[in-house]
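**Q** What follows is a protein structure lacking sequence information:
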Ligand SMILES: Cc1cc2nc3c(=O)[nH]c(=O)nc-3n(C[C@H](O)[C@H](O)[C@H](O)COP(=O)(O)OP(=O)(O)OC[C@H]3O[C@@H](n4cnc5c(N)ncnc54)[C@H](O)[C@@H]3O)c2cc1C
């Protein structure tokens, strides 16, 4: 009987953790994540008593395999069906108003990063705060290096589950699909997080602004010690983020808060907490429907949401595709 292969999975977002779940019985693996925690763009920022899901806030589940994969999370009350009041705003007027209450949409019961955390079993080997910057092949085995030039390996295969621009930083031109990856474009986005200790009287939970530099507003109330706290997320439009990549974050947040305040006709400068996050690679500009990209000579697989539709379900589907492709080699 052949011994189990050793594999490195780079990235601990939904794609990386899904791969680990689907393949755990067949291989030995270590997951490498540059951040301090798991979840990637399914992100949560805690700043007691405030809490913000400032990446994906909800996601669509259409694929039966994805629904089955998520069933334990539904059962364990990590995720629930989405129920909210949504509006669309044009020229500072609400032009559409509807309730989203569909069995197809899910959101976190509380923290979005709990989704990935709960899928990452305690026995998974995960190295946090470990940014992989280089890979090298020696005697037909992979060695990978972090930003402190510490090396890890040997590995038979590498899974890269990180955004395309970050893949290009690591892979060299020999990778079979490098030209396809170079053509993928990702949108950027600023997320402003504001915490208030007085409730704002707004008659919606999420708003899409169709003609502003702010694109998305989302409100969320939390109860703690019988007190109500109010969390507001303001996301910029992709265009605005693109045009203001190098501008001062203070100026950007002041500008976007002022615009949100104008659109909502509501004072927003009395926040008790403020933070800004720049998502350089928030979402792919279009669906790419590539599945995953396996180079059998190099023994590298590249996958992630951007290989599919740039969404949470796409991350799962790309991960599943990569596992089905690697099975004949391990
Ligand atoms: C603001 C925003 C709103 C969104 N809204 C929605 C939505 O409404 N619905 C929806 O379905 N999706 C939404 N998304 C997209 C969704 O979050 C992603 O599709 C999904 O989380 C992608 O998962 P992933 O594992 O493929 O990638 P990621 O979550 O990006 O995971 C990749 C991981 O790799 C790590 N990493 C990167 N480089 C390295 C390196 N060199 N070494 C080690 N680790 C590395 C990163 O830190 C990250 O944790 C949104 C995203 C953003 C940012």
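**A** Cool, got the structure. The structure displayed is predicted, hence computed values, not measured ones.
**Q** Which strand or helix spans residue 229?
**A** With elements taken from DSSP states H and E, the one containing residue 229 is strand 227-236.
**Q** do residue 83 as well
**A** Going by DSSP H and E, residue 83 is in strand 79-90.
**Q** Give me the contact list for that strand.
**A** Contact partners of strand 79-90, identified using CB atoms under 8 Å, 6 or more residues apart in numbering, comprise 58, 70, 73-74, 94-103, 105-109, 115, 203-212, 263. The way it works is simple: take the backbone N, C-alpha and C, and place the C-beta from them, glycine included.
**Q** near the ligand, which of the residues you listed show up?
**A** The residues of the contacts of strand 79-90 that also fall near the ligand, by CB under 6 Å from any ligand atom, are residue 58.
**Q** Out of the contacts of strand 79-90, which end up buried?
**A** Buried members of the contacts of strand 79-90, counted by 16 or more other CB atoms under 10 Å: 58, 70, 73, 100, 105-108, 115, 204-209, 212, 263.
**Q** thinking again about what came up before, just checking, what packs against the strand holding residue 229?
**A** With contacts defined as 3 or more CB pairs under 8 Å, 6 or more residues apart in numbering; DSSP states H and E, strand 227-236 has these neighbours: strand 50-52, strand 186-196, strand 214-224, helix 249-264.
**Q** if you set the cut-off to 10 Å instead, what comes out?
**A** When contacts are defined as 3 or more CB pairs under 10 Å, 6 or more residues apart in numbering; DSSP states H and E, strand 227-236 sits against strand 45-47, strand 50-52, strand 186-196, strand 206-209, strand 214-224, helix 238-243, helix 249-264, strand 273-284.
**Q** Now do the third one and strand 214-224, the angle between them.
**A** Same thing as strand 186-196. Angle of strand 186-196 versus strand 214-224, following axes from the mean of the first three to the mean of the last three CA atoms, to 10 degrees, is 40 degrees.
**Q** what about strand 186-196, near the ligand?
**A** Yes - using CB under 6 Å from any ligand atom, we find that strand 186-196 touches the ligand at 189, 191.
**Q** which parts of the chain sit against the ligand?
**A** Proximity of the chain to the ligand is confined to 10-16, 32-35, 40-42, 55-59, 131-132, 161-163, 166, 189, 191, 235, 279, 282-283, 304-305, 310-312, 314-315 under the rule CB under 6 Å from any ligand atom.
**Q** from those, which would you call buried?
**A** 10-16, 32-34, 40-42, 55-59, 132, 161-163, 166, 189, 191, 235, 279, 282-283, 304-305, 310-312, 314-315.
**Q** how close does residue 295 get to residue 322?
**A** According to CB to CB, to the nearest Å, residue 295 stands 12 Å off from residue 322.
**Q** what residues are shared contacts of those two?
**A** Taking CB atoms under 10 Å, 6 or more residues apart in numbering as the criterion, residue 295 and residue 322 both touch 301-302.
**Q** and the residue lying closest to residue 170 once chain neighbours are set aside, helix, strand or coil?
**A** When the adjacent residues along the chain are set aside, residue 170 lies closest to residue 135, with 6.0 Å between them (CB to CB, 6 or more residues apart in numbering). Here residue 135 is strand, with the state taken from DSSP: H, G, I helix; E, B strand; the rest coil.
**Q** which residues touch residue 135?
**A** Residues near residue 135 by CB under 10 Å, 6+ apart: 8, 10, 142-145, 153, 155, 158, 160, 170-172, 298, 300.
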